[in-house]
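Visitor: Provided below for reference: sequence and predicted model.
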Amino acid sequence: MNRPLTSELISQLHSGALTARQLVESSLNRISELNGTLNAFVAVDAEGALTRADEIDQKRKSGKPLGRLAGLPMGVKDNMCTLGMPTTCGSRMLQNFRPPYDAHVIERLKAEDAIIVGKLNQDEFAMGSSTETSIFGPSRNPWNTACTAGGSSGGSAVAVSSGMVPLALGSDTGGSIRQPASFCGVTGMKPTYGRVSRYGLVAYASSLDQIGPLAGDAEGAALLLECIAGHDKRDSTSLPLERPAWTTELSQPLKGLRIGIADEYFTEGLDAEVEQSVREALKVFEAAGAVVKPVSLPHSKYAVATYYLIACSEASSNLARYDGIHYGHRADKFTDLVDLYCQSRGEGFGEEVKRRIMLGTYALSAGYYDAYYLKALKVRRRIREDFDQAFASVDVIAGPVAPTAAFRLGEKLNDPLAMYLGDIYTISTNLAGLPGISVPCGFTSAKLPIGLQLQAPILEESRLLRLAHQFQQTTNWHRETPA
Ligand code: GLN
């Protein structure tokens, strides 16, 4: 299969070898050919995309200045508000929601002349690791359609992996960009907390949520992230920083860069083939002049418990607004006001979302707050301090993205704990607010992609993108495409 990288498409658009219309048409064709099987897109705006493509072709012809994403078809996870397109969060609760405004990131994409082709499948309210809790049914992994695409941004990873679009946006609260990227063999990045405005992102766990790019390679991810990053006063957690120029730093030498390896990332439960690919990747960096050193992250064994307490607590509060009156699905039949709330929420939310609301409400309730929520906040601080200490002696930390490659659809759906445990390597990045990237680094013997995770100190995205980019200059894993 031919899956051009973002930079290749940009140069073809520049040279005139390709028009935006042709590119959008081929994207739409690919979607109609494959989406029935892969279920990546849950809404497609073909007409809008083609109109926009013509406008951009016209603009190019007339010599007017063009944005940096001019003419590139893109998909956006369905939890980011899009004017004129549905934004369902994969939930019955928001099935009929059409936002009256664009999220900050959508405004940024439009300002850069990107073409938003449609919205991408996800776990309901981004709660999950397999895109199986979506009301639209699961996305399927392009490498093996019996396997999950990962989640919660499964649709985003599938759309890029299968060549439907060169770029997509996902959100990452505990691994939801990096894990599907790793399962589908694409590059995905979770930026530093506060790097990208969350204005117009439907909230799951507000102290952890970040929007980030998925692309065929690190260069594409760097470009997209550069376009969406930067301060926005409508998100109080948005950092007041200028937009960086990561794309110009990708080739800075790696010589002397110190890469930390934590024993805690190579624990029981880690698949042997995954471990081997990750260790092979380290040799590539060493050959480029980087130095590998051991570090220790002693509190990471508490990360899953800490994350699920904090994420569920925040979710229980964030999702209180969906009561059938303020927001969301309203039940037809009810007896009084309280019954209206109960019926609407009972019908609108799926099982996993209900489980989390109940867990979170419990953890926040009087008498349990100190024992659960407050305790989790304290452990979160310890996890953050582990990273501070590790980053005193290394520049980045490397490890696997997930303990295994893509698992089979249905395998963990009825075992929430097994599903949660699969997030073990990605969630501390969010708990500590760090940037993290997933880079394709090999395949299992069953030909399923494997991802390498790199984590850096706060605001050091540049290091991750440089490492990923230079890894992709010497390896070809990111070039492999599913049949
Ligand atoms: N799998 C994790 C969860 O279910 C992470 C999801 C996410 O990053 N949105 O909470």
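Guide: Looks like it arrived, so ask away.

Visitor: now the helices for the stretch 51-200 of the chain?
Guide: Taking DSSP state H, counting those that start in this stretch as the test, the helices found in the stretch 51-200 of the chain are 104-111, 154-161, 178-184.

Visitor: hmm, who's touching the first one?
Guide: Contacts with helix 104-111, where a contact means C-beta atoms under 8 Å, 6 or more residues apart in numbering, come from 67, 69, 74, 76, 80-83, 102, 116, 169, 196-201, 211, 227-228, 230, 232, 234-235. Where C-beta positions appear, they are placed from N, C-alpha and C, glycine not excepted.

Visitor: which ones among the residues you listed are found in strands?
Guide: Among these, the members falling in strands (DSSP state E) are 74, 76, 116, 169, 211.

Visitor: what does the stretch 101-250 of the chain put close to the ligand?
Guide: Contact residues, the stretch 101-250 of the chain versus the ligand (C-beta under 6 Å from any ligand atom): 126-129, 152, 172-176, 204.

Visitor: from those residues, which ones fall inside strands?
Guide: Using DSSP E, the subset of those located in strands is Asp172.

Visitor: before we move on, back to that, now the helices of the stretch 51-200 of the chain as TSV including distance to Ala53?
Guide: Formatted as TSV, those follow (distance: least, C-beta to C-beta, whole Å):
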stretch	distance to Ala53
helix 104-111	13
helix 154-161	17
helix 178-184	26
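
Visitor: what's the neighbour count on the residue nearest to Gly194 when sequence neighbours are not counted?
Guide: Closest residue to Gly194 apart from its sequence neighbours, by C-beta to C-beta, 6 or more residues apart in numbering: Leu239 at 4.0 Å. Number of residues near Leu239 (other C-beta atoms under 10 Å) recorded here: 18.

Visitor: do you know how far Leu239 is from the ligand?
Guide: 20 Å (C-beta to the nearest ligand atom, to the nearest Å).

Visitor: for the ligand, what are the nearby residues on the stretch 251-400 of the chain?
Guide: So far as C-beta under 6 Å from any ligand atom goes, the stretch 251-400 of the chain lies against the ligand at Ala311.

Visitor: now the strands: where do they sit in the stretch 251-400 of the chain?
Guide: With strands called from DSSP state E, counting those that start in this stretch, the stretch 251-400 of the chain shows them at 258-262, 291-295, 396-400.

Visitor: on that earlier part again, can you select the buried ones from the ones in strands among the contacts of helix 104-111 in ChimeraX?
Guide: Per 16 or more other C-beta atoms under 10 Å, the buried members of the ones in strands among the contacts of helix 104-111 correspond to this ChimeraX selection:
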select :74,76,116,169,211
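
Visitor: of all the ones in strands among the contacts of helix 104-111, which comes closest to the ligand?
Guide: When the ones in strands among the contacts of helix 104-111 are compared for distance to the ligand (C-beta to the nearest ligand atom), Ile211 wins out at 10.9 Å.

Visitor: nearest spatial neighbour of that closest one, skipping sequence neighbours?
Guide: Val196 (4.6 Å).

Visitor: that neighbour and Gln210 touch, don't they?
Guide: Yes. Using C-beta atoms under 8 Å as the test, Val196 is close enough to Gln210 to be in contact (6.2 Å).

Visitor: report the separation between Arg380 and Ile427.
Guide: 10 Å (C-beta to C-beta, to the nearest Å).

Visitor: can you lay out the residues of the stretch 101-250 of the chain next to the ligand as a markdown table showing distance to Ala446?
Guide: Shown next, in a markdown table, are these (distance: C-beta to C-beta, whole Å):
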| residue | distance to Ala446 |
| --- | --- |
| Ala126 | 28 |
| Met127 | 28 |
| Gly128 | 23 |
| Ser129 | 19 |
| Ser152 | 24 |
| Asp172 | 26 |
| Thr173 | 29 |
| Gly174 | 26 |
| Gly175 | 22 |
| Ser176 | 24 |
| Tyr204 | 32 |
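
Visitor: sorry, back to before: return the most buried member of the strands of the stretch 251-400 of the chain.
Guide: Neighbour counts (mean count of other C-beta atoms under 10 Å) averaged over each of the strands of the stretch 251-400 of the chain peak at strand 396-400, with a mean of 25.

Visitor: and that one, what other elements does it pack with?
Guide: With contacts taken as 3 or more C-beta pairs under 8 Å, 6 or more residues apart in numbering; DSSP states H and E, strand 396-400 sits against strand 258-262, helix 272-287, strand 449-455, helix 461-474.

Visitor: I'd like the average pLDDT over the third one.
Guide: Going back to what we said before, that points to strand 449-455. Regarding strand 449-455, the rounded mean pLDDT is 98.

Visitor: what does the shortest one give?
Guide: Taken as a whole, strand 258-262 carries a mean pLDDT of 98.

Visitor: then the last one?
Guide: Within the predicted structure, the mean pLDDT of helix 461-474 is 98.

Visitor: which secondary structure elements does that helix contact?
Guide: strand 187-190, helix 218-228, helix 272-287, strand 396-400, strand 436-443, strand 449-455.

Visitor: next, the angle from the longest one to strand 396-400.
Guide: Note on geometry: by axes from the mean of the first three to the mean of the last three C-alpha atoms, to 10 degrees, helix 272-287 and strand 396-400 are set 150 degrees apart in direction.

Visitor: could you dump helix 272-287 to CSV, C-alpha only?
Guide: The C-alpha coordinates for helix 272-287 follow below in CSV (Å, rounded to 0.1, in the frame of the first residue of the first chain):
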residue,chain,number,x,y,z
ALA,A,272,9.3,-10.7,25.1
GLU,A,273,9.0,-9.5,21.5
VAL,A,274,8.1,-6.0,22.6
GLU,A,275,11.0,-5.9,25.0
GLN,A,276,13.4,-7.1,22.3
SER,A,277,12.3,-4.4,19.8
VAL,A,278,12.6,-1.7,22.4
ARG,A,279,16.1,-2.8,23.3
GLU,A,280,17.1,-2.9,19.7
ALA,A,281,15.9,0.6,19.3
LEU,A,282,18.2,1.7,22.1
LYS,A,283,21.1,0.4,20.1
VAL,A,284,20.2,2.6,17.2
PHE,A,285,20.4,5.7,19.5
GLU,A,286,23.7,4.5,21.0
ALA,A,287,25.1,4.2,17.5
